[in-house]
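Engineer: Structure of the sequence below:
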Amino acid sequence: MSATRTATNSPASPGSRISFDITDGENRHPVWFASPDVQLASRPELEFVTSILPCMKKGRAYRAPQPLDPRLLASFEQIQDLYLAWIPGVTRLPAKALEAAEPRARTGKNRVAAFFSGGVDSFYTLMKRREEITDLVFVHGFDIRLEDEKLYRETLAMIERIARETGKNLIRLETNIRPVLDSYIGWDYGHGPSLAATAYLLSDQFDKVYIPSSQDYTHLFAFGSHPLLDPLWSLSDLDIVNDGAEARRIRKVEAIARHQIVLDTLRVCWMNPDSAYNCCRCEKCHRTMIALKVAGALDKCRTFPEPLRNENIRALKIVATNTRSFMTESMREAERRGLEPAFIKAMGDALKGQTKPQRFVNNMRRAISQPRRAMAKIRRKIGL
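Structural biologist: Numbering: from 1, shown residues only. This next block holds a predicted model:
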């Protein structure tokens with residue numbers, strides 16, 4: 001592994017940058033992580049975990065230049081078993097040539113970190129484990145593009161406020177890893193080893209790192225972060241724990257909506273048109289707004305500036321497995337609570353899908369009721 005460690009701040013304000021390569025067994029791609037807050041650990045496992053999927057995709061063996069953590073190596077075959085079951089077109093890598101290092105001692109610092117983006121899952125883990133968690137880890141370059149400084153600054157200000165009000169230390173990082181793994185396997189799977197690599201960079205600071213679960217045990221599906229996969233990235237000196245899979249999405253929303261800091265700062269959007277904090281247009285914004293409405297908290301949440309409209313729910317294109325499961329759960333809960341029939345029917349229509357005539361009629365209704373949004377969508381499509 002090629003890695004550098006460079007202090008970028010004074011001793012009173014530590015910081016570092018770590019560079020290493022991702023390889024597909026033939027080509028190498030430089031990636032970097034940087035933090036203004038902590039010294040990052042340089043470890044050979046960084047290249048290994050982020051190169052597994054590219055090598056499996058290319059069908060070329062990984063050659064480790066240094067011995068690797070024995071706990072991680074013991075999990076390597078099971079990691080591959082999961083990827084082989086989930087991802088078409090990947091091949092198993094030989095493990096015999098990988099040499100085990102001596103296990104490292106734990107830090108003993110009694111610090112526990114949790115990845116935090118400001119969304120439902122990370123808030124649920126924070127509030128559930130508020131007494132245990134000491135630090136929040138926020139990574140620029142994962143769900144917020146490096147070039148989107150406006151959204152990053154707004155989100156960072158919110159997360160700094162969350163850290164202050166919950167009494168947690170905040171660790172900021174940034175990285176260019178996403179486009180590299182996107183080019184091989186896509187972020188749906190690439191974010192899992194990227195989270196593991198980030199945890200390794202912090203292994204001199206923590207003995208345990210929580211990854212908030214994006215799934216629940218009832219609706220598990222193949223994904224980069226998964227209750228079966230995340231713990232397999234653990235090292236001799238670091239436990240990586242997938243947290244929150246015991247709670248369905250509507251239960252998570254109900255639990256976190258009791259806290260005003262959540263209603264003031266919740267961020268879920270992944271499209272972020274014009275650097276919007278929550279665009280209120282994408283399926284993720286919609287399914288969160290729906291869950292908040294079912295929980296009786298949407299009117300209290302300040303981070304969704306546009307109203308939830310039945311015609312917009314009806315027009316959603318539900319393709320992703322998790323969106324379908326979340327929508328189904330919200331619809332059933334809305335039925336149980338006796339919410340308005342038109343709202344429930346809109347979710348049912350979205351789940352059934354739409355014929356072309358239905359889609360045309362619904363688009364026309366939206367254009368009439370929301371002309372500004374309709375015109376903005378047209379301008380985006382034609383590049384104005």
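Engineer: Next secondary structure after the host helix or strand of Ala34?
Structural biologist: In this structure, Ala34 sits in strand 28-35 according to DSSP states H and E. Once the chain leaves strand 28-35, the next helix or strand it forms, by DSSP H and E, is helix 45-58.
Engineer: what distance separates that next one from the centre of its chain?
Structural biologist: For helix 45-58, the separation from the chain centroid amounts to 19 Å (computed by Cα atoms, centre = their mean, to the nearest Å).
Engineer: try stretch 180-187
Structural biologist: 15 Å.
Engineer: which parts of it are buried?
Structural biologist: Neighbour-count burial for stretch 180-187, counted by 16 or more other Cβ atoms under 10 Å, picks out 180-181, 184-185, 187. C-beta: built from backbone N, CA, C; applies to glycine.
Engineer: As TSV, these with secondary structure would be great.
Structural biologist: Shown next, in TSV, are the buried residues of stretch 180-187 (DSSP: H, G, I helix; E, B strand; the rest coil):
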residue	secondary structure
Val180	helix
Leu181	helix
Tyr184	helix
Ile185	coil
Trp187	helix
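Engineer: so, if you compare those, which one comes nearest to Ala105?
Structural biologist: Leu181 (30.9 Å; Cβ to Cβ).
Engineer: hang on, that closest one packs against Asp188?
Structural biologist: No: using Cβ atoms under 8 Å, Leu181 is not in contact with Asp188; the gap is 10.2 Å.
Engineer: ok so, going back, out of the buried residues of stretch 180-187, who's nearest Arg130?
Structural biologist: Nearest to Arg130 among the buried residues of stretch 180-187, with distances taken as Cβ to Cβ, is Trp187, at 29.1 Å.
Engineer: For the closest one, give its distance to Leu195.
Structural biologist: Distance of Trp187 to Leu195, computed by Cβ to Cβ, to the nearest Å: 11 Å.
Engineer: Find residues that contact each of these two.
Structural biologist: Gly224 (Cβ atoms under 8 Å, 6 or more residues apart in numbering).
Engineer: mind listing the helices for the stretch 101-250 of the chain?
Structural biologist: Using DSSP state H, counting those that start in this stretch, the helices assigned to the stretch 101-250 of the chain run over residues 120-128, 149-166, 177-184, 187-201, 249-256.
Engineer: Break this structure down into its domains, please.
Structural biologist: 5-91+99-243, 268-382 (automatic domain parsing).
Engineer: can I get those domains in CSV with distance to Glu254 and mean pLDDT?
Structural biologist: Below are the domains of the chain laid out as CSV (distance: least, Cβ to Cβ, whole Å; pLDDT from 0 to 100):
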stretch, distance to Glu254, mean pLDDT
domain 5-91+99-243, 10, 94
domain 268-382, 5, 84
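Engineer: picking up where we left off before, the strand holding Ala34 versus helix 187-201: what angle between them?
Structural biologist: Put simply, strand 28-35 runs at 60 degrees to helix 187-201, going by axes from the mean of the first three to the mean of the last three Cα atoms, to 10 degrees.
Engineer: what does strand 28-35 contact?
Structural biologist: Residues contacting strand 28-35 (Cβ under 8 Å, 6+ apart): 2, 8, 15-23, 40, 50, 171-177, 180, 197-198, 201.
Engineer: Now name the helix or strand holding Ile18.
Structural biologist: strand 16-23.
Engineer: helices and strands around that strand, which ones?
Structural biologist: strand 5-7, strand 28-35, helix 45-58, helix 177-184 (3 or more Cβ pairs under 8 Å, 6 or more residues apart in numbering; DSSP states H and E).
Engineer: Out of these, indicate the one that is most buried.
Structural biologist: Most buried of the helices and strands packed on strand 16-23, by mean neighbour count (mean count of other Cβ atoms under 10 Å): helix 45-58, with a mean of 23.
Engineer: Downstream of that helix, the next helix or strand is which one?
Structural biologist: helix 70-86.
Engineer: Okay, angle between that following helix and helix 45-58 too, please.
Structural biologist: 30 degrees.
Engineer: For helix 70-86, which helices and strands make contact with it?
Structural biologist: So helix 70-86, by 3+ Cβ pairs under 8 Å, 6+ apart, packs with helix 45-58.
Engineer: same thing but 10 Å
Structural biologist: Using 3 or more Cβ pairs under 10 Å, 6 or more residues apart in numbering; DSSP states H and E as the contact test, the elements touching helix 70-86 are helix 45-58, helix 187-201.
Engineer: could I get those helices as a markdown table with distance to Arg111?
Structural biologist: What follows is those, written out as a markdown table (distance: least, Cβ to Cβ, whole Å):
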| stretch | distance to Arg111 |
| --- | --- |
| helix 45-58 | 20 |
| helix 187-201 | 13 |
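Engineer: Which of those sits closest to Leu263?
Structural biologist: That would be helix 187-201 among those, by Cβ to Cβ, at 26.7 Å.
Engineer: Give the buried residues for the closest one.
Structural biologist: Those buried within helix 187-201 under the rule 16+ other Cβ under 10 Å are 187, 189-201.
Engineer: Could you tell me how far that helix lies from the centre of the chain?
Structural biologist: 9 Å.
Engineer: Just want the angle from it to strand 16-23.
Structural biologist: Using the same axes, to 10 degrees: helix 187-201 against strand 16-23 is 130 degrees.
Engineer: So Ile344 is in contact with Arg314, correct?
Structural biologist: No: between Ile344 and Arg314 no contact is recorded; they are 11.4 Å apart, counting by Cβ atoms under 10 Å.
Engineer: Pull the contacting residues for Arg60.
Structural biologist: 23-27, 51, 54, 91, 93 (Cβ atoms under 10 Å, 6 or more residues apart in numbering).
Engineer: how about stretch 106-121: buried residues?
Structural biologist: Buried residues in stretch 106-121 (16+ other Cβ under 10 Å): 111-121.
Engineer: what's the most distant pair in these?
Structural biologist: Among the buried residues of stretch 106-121, Arg111 and Val120 lie farthest apart (Cβ to Cβ), at 24.8 Å.
Engineer: if I pick Asp239, what's in contact with it?
Structural biologist: Asp239 neighbours (Cβ under 10 Å, 6+ apart): 71, 106, 112, 199, 206-210, 231, 233.
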